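*Asks:* The following block contains a protein sequence and its predicted model.
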Amino acid sequence: MKIGLVACSKTKRDHAALASEMYTSTLFHKASAYTAGIYDRWYILSAKHHLLEPGQMIAPYDLSLKELDIARREEWAIEVCGQLRKLYPPTREPRPEFYLHAGANYREFLVDCLRSNGYPTDVPLAGLGIGKQLQWYTARGY
């Protein structure tokens, strides 16, 4: 089972909405459309809510992982990793594979946590700036 993880964005609606509709950046829209179309399941990585189902209702908030110190970012990643372990136990067959469509602050501890729990984990757009990421999604029809 292939699972896409998409980072939230700073730009949001000013009212409560489904998580999949809360974030308004072009990069989020392209990344979420791609992950919804390519992977078996997808989730949103939220600085405030940790792991969000796309259909979950949330209110606007103003928090970014960039604002958190390194210890709090590590705690955030451990929490997200724990949520994913509950949803997809490491012993589950077929073994879930995680694909992170997220910036460095979202990946820095999460990738290692997932891999240390035995999950195959990939970052398809690693090393690409925002402009190149947008081009990557566009080239694939998103």
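*Replies:* Looks like it arrived, so ask away. Residues are numbered from 1 along each chain as shown.

*Asks:* Residue 33 - that's part of a helix, no?
*Replies:* Yes - read with DSSP: H, G, I helix; E, B strand; the rest coil, residue 33 is one of the residues of a helix.

*Asks:* Surely it and residue 142 touch.
*Replies:* Yes - using Cβ atoms under 8 Å, residue 33 is in contact with residue 142, at 4.7 Å. Yep, even glycine has a C-beta here, placed from its N, CA and C like the rest.

*Asks:* What residues sit buried inside the longest helix anywhere in the chain?
*Replies:* Using DSSP state H to define each element, the chain has its longest helix at helix 70-87. Neighbour counts over helix 70-87 (16 or more other Cβ atoms under 10 Å) mark 73, 74, 76, 77, 80, 81, 84, 85 as buried.

*Asks:* can you put the residues you listed in TSV and add pLDDT and distance to residue 117?
*Replies:* Shown next, in TSV, are these (pLDDT from 0 to 100; distance: Cβ to Cβ, whole Å):
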residue	pLDDT	distance to residue 117
73	97	18
74	97	15
76	97	16
77	98	12
80	98	12
81	98	7
84	98	8
85	96	6
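
*Asks:* pLDDT wise, what is residue 93 at?
*Replies:* On the pLDDT scale, residue 93 is placed at 87.

*Asks:* Walking through the chain, point out its helices one by one.
*Replies:* 19-22, 26-38, 70-87, 104-107, 110-116, 130-139.

*Asks:* need the helix or strand of this protein with the lowest average pLDDT.
*Replies:* helix 104-107 (a mean of 93; mean pLDDT, DSSP states H and E).

*Asks:* which helices and strands sit right next to that one?
*Replies:* The contact analysis (3 or more Cβ pairs under 8 Å, 6 or more residues apart in numbering; DSSP states H and E) places helix 104-107 against no helix or strand.

*Asks:* list the buried ones in that helix?
*Replies:* Neighbour-count burial for helix 104-107 [16+ other Cβ under 10 Å]: 105, 106, 107.

*Asks:* Excluding chain neighbours, what is closest to residue 37?
*Replies:* Closest residue to residue 37 apart from its sequence neighbours, by Cβ to Cβ, 6 or more residues apart in numbering: residue 142 at 7.2 Å.
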